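Trainee: structure here, sequence nowhere to be found:
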């Protein structure tokens, strides 16, 4: 039986409505569903809003990455899009995961894969 992932819906923000993700998730949908420990399980992840997870990056980069790319161990890059929601539970989840004081920020979506 397939596990149905639930999480917090985030909107994708693109510069001039464009995605430079080389065919990544941000070129196909307008929202993602943040899943993982400490994230409220409100919305169901789907093809229209695929699952993403928090990921620590080098130089203290706070970012989210599509879960399927993490599971495939793909090297991901920033494709120019950000994710955010005004839901305060997002800010709280960011604060806890990244251990930061000011967490009311849009996060980079690392969904670009080359090759």
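Mentor: Received, thanks. Note that the structure is a prediction, hence the values are computed from the model and not measured.

Trainee: nearest spatial neighbour of residue 30, chain-adjacent residues omitted?
Mentor: Spatial nearest neighbour of residue 30, chain neighbours left out: residue 12 (5.4 Å); criterion: Cβ to Cβ, 6 or more residues apart in numbering. Every residue, glycine included, has its C-beta placed from N, CA and C.

Trainee: report the beta-bridge partners for that neighbour.
Mentor: Residue 12 forms beta bridges with residue 83, as assigned by DSSP bridges.

Trainee: now do it, the pLDDT please.
Mentor: Here, the pLDDT recorded for residue 12 equals 97.

Trainee: what number of residues lie near it?
Mentor: 23 (other Cβ atoms under 10 Å).

Trainee: contact partners for it?
Mentor: Residue 12 makes contacts with 26, 29, 30, 31, 32, 81, 82, 83, 109, as judged by Cβ atoms under 8 Å, 6 or more residues apart in numbering.

Trainee: what sits against the second one?
Mentor: Meaning residue 29. Residues near residue 29 by Cβ under 8 Å, 6+ apart: 12, 47, 48, 49, 50.
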